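Asks: could you work out the structure for the sequence below:
(chains A and B)
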Amino acid sequence: MTEAALKTTTLMNQTPEIEKGRSLWEDAFNRLLKNKMAVIGLCYLIFQTLVAIFAPWLARFPYEETNLALGAVPPDWVHFFGTDDLGRDMFTRVIYGSRISLMVGILATAVSVLIGVLYGAVAGYVGGRTDDILMRILEILYSLPFIFFVIILMVLFGRNIYLLFVALGLIEWLTMARIVRGQVVSLKKVEYIDAARSMGVGHVKIILDHLIPNVLGTVIIYVTLTVPGVILEEAFLSFLGLGVQEPMSSWGTLISDGVAAMQTYPWMLIFPCVTLMLALLALNFLGDGLRDALDPRASKD
Amino acid sequence: MTKYILKRLLSIIPVLWVVATITFFLMRLAPGGPFDSEKQVPEEILHNLEAKYHMDEPLPMQYVRYLGMVAKGDLGPSFRYTSRTVNEIIAETFPVSAIVGLLGLFYALVIGLISGIFAASKPNSARDYLSMAFSMLGICLPSFVIGPLFMLLFAVKLEWFNVSGWAEPKDVVLPALTLGTMYAAYFARLTRAGILDVIKQDYIRTAHAKGLPEWLVMVRHTLKGGLLPTVSFLGPAAAAILTGSLVVESIFNIPGLGRFFVQSALNRDYTLVMGTVLFVAFLIVVMNLLVDVAYAFLNPRISYD
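Replies: Predicted coordinates:
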């Protein structure tokens, strides 16, 4: 969230590129391919996603079945990542955990995009008093300690995974709304919007057909920064014991279990930590690369 | 400027009102109450308890009563720690969190500034790539990953520090490092970006043309403008460090505000939860205000009237 928040200012201050046919996207894609770290990040993410999707076929042990007789064994050729103190295969738990972590990341980001883009587009497009009021509300929301509310929600209403998606999405839409509004305010003055309006195109159609497609680049950049933020927040909550519940696991719960056992079974901590870190690194590199590719003027050097 | 500060101070009130309202109704709408416990409490005792804390009144009345109390700065008695008020608990636990947080923030700033300036002083060189690679790594090391790793390394293996607890002054070191590392990485990236942005400006070229030595240009001219993004991130960073304390205090077993918050939420200690959230919101708003004022002083191009 924070990484993204600091980029917000840069994103908001520049006038958006105007799309010329498909070539802009092609250009951007070519620029992205030249960025080695971003490509590696993208490949890793594709690999990680495939592993998560095909987890039931890749796992050689059931993830919920305990084997107390086996106990915790260090990594070997049978159990790549070792087993936990209940004898569950850590490799299986990590790849099942990535399903939850990635799903939370993607779905909560989707919630934030949906709300943020609509809110920002309406505020920026309508302008005037509506804009003032909507932005005031946003300002107030900004200073709320949201993660505390999420904790209260999770404690009071039970650890429900759907609630988690929505709650985390509700935190993240604020910055998205601000960025989109900034872009729409400057786009609104562009001639083709005037042209559309003078032809009698309705407001809703202008927002959907002309404004939103043109802020898409910025939104994509911001999405790649939101996903790691959400994954971190989910891990944070799970670490506190407020995320997903046993026998389901996410990277956060696995790290939390690992911390409890780290002095005797360090592999229980190390493998989930490394997996989480690799995913975050890949997302951050891809995000940086996308920002440079889609928004050449924003890149600083 | 005075007018701007006054306006901002006034805007604290609606924020706190929203926070108080949301937390109040969130807590009350949820199933379960503060007096639920394992053993069945007799009916009369329950009645007496509810009467004592005014829980038997209709919800709107409780809400108004609570707002009135908060307006006077009284956060009420704790439901669980019956002999103590929320104000006392916060006064006792917050200094602990504050010490850890301030040290963490200070460490983050020092390391972030040094490595950011170091990287920006020679862009696209080996030192630039190296410090940026480290900062990218730092961004991907959340407190609940780096905390246990520090603990494993410095406390268990090297035995320089205690594994957990809050008895000796040195117990503050590992938690502060844990809290600060991620933000050191952000500060480094921001500082670097800020400096590289300023370095292309005409006045920097003028300074060089005057024959000023490299370091003097950096200290006197580049840093003043180049540190603006870093300063504006101080507010969010301080707020994030406050939330980070939730995890770090649990990992290192420190009796601070964060650990108390999680515990009180689990206990459904209504007043303690609401009091903590209000207090944290207040801190965040005040810190943002301070950062904005500092920003205005550093950047004369911004006018606030």
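Asks: where along the stretch 101-250 of chain A do the helices fall?
Replies: Defined through DSSP state H, counting those that start in this stretch, the helices belonging to the stretch 101-250 of chain A, from first to last, are A:128-142, A:146-156, A:161-187, A:191-198, A:203-205, A:212-239.
Asks: most neighbours per residue, which of the ones you listed?
Replies: Each of the helices of the stretch 101-250 of chain A was given a mean neighbour count from mean count of other CB atoms under 10 Å in any protein chain shown, and the largest, a mean of 24, is that of helix A:212-239. Just so you know, the C-beta spots here come from the backbone N, C-alpha and C atoms, and that holds for glycine as well.
Asks: I'd like the next helix or strand past that helix.
Replies: helix A:251-261 (DSSP states H and E).
Asks: quick check, residue A:92 in contact with residue A:57.
Replies: No. In this structure residue A:92 lies outside contact range of residue A:57 using CB atoms under 8 Å: 11.6 Å.
Asks: so between these two, which is more surrounded?
Replies: Summary of the neighbour comparison: residue A:92 and residue A:57, criterion other CB atoms under 10 Å in any protein chain shown, with residue A:92 having more neighbours (24 against 7).
Asks: re earlier: can I get the helices of the stretch 101-250 of chain A in TSV with distance to residue B:83 and mean pLDDT?
Replies: Compiled in TSV, those are given as follows (distance: least, CB to CB, whole Å; pLDDT from 0 to 100):
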stretch	distance to residue B:83	mean pLDDT
helix A:128-142	36	84
helix A:146-156	24	80
helix A:161-187	34	84
helix A:191-198	65	85
helix A:203-205	60	84
helix A:212-239	32	84
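Asks: who wins for proximity to residue A:36 among the ones you listed?
Replies: Among the helices of the stretch 101-250 of chain A, helix A:212-239 comes nearest to residue A:36, with 16.8 Å by CB to CB.
Asks: which other helices and strands contact that closest one?
Replies: In terms of contacts (3 or more CB pairs under 8 Å, 6 or more residues apart in numbering or on different chains; DSSP states H and E), helix A:212-239 is packed against helix A:2-13, helix A:90-126, helix A:146-156, helix A:161-187, helix A:251-261, helix A:267-294, helix B:143-150, helix B:228-252.
Asks: where does pLDDT dip in the stretch 151-300 of chain B?
Replies: The model of the stretch 151-300 of chain B has pLDDT under 70 over residues B:300.
Asks: quick revisit: could you dump the helices of the stretch 101-250 of chain A to a markdown table with distance to residue B:185?
Replies: Converted to a markdown table, the helices of the stretch 101-250 of chain A look like this (distance: least, CB to CB, whole Å):
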| stretch | distance to residue B:185 |
| --- | --- |
| helix A:128-142 | 23 |
| helix A:146-156 | 20 |
| helix A:161-187 | 19 |
| helix A:191-198 | 40 |
| helix A:203-205 | 43 |
| helix A:212-239 | 13 |
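Asks: quick one: closest of those helices to residue B:91.
Replies: Put simply, out of the helices of the stretch 101-250 of chain A the one that sits nearest residue B:91 is helix A:146-156, at 19.2 Å, with distance taken as CB to CB.
Asks: does that closest one pack against any helices or strands, and if so which?
Replies: Packed against helix A:146-156 by the contact rule (3+ CB pairs under 8 Å, 6+ apart) you find helix A:161-187, helix A:212-239, helix B:2-29, helix B:228-252, helix B:257-266, helix B:270-298.
Asks: I appreciate the help and will end here.
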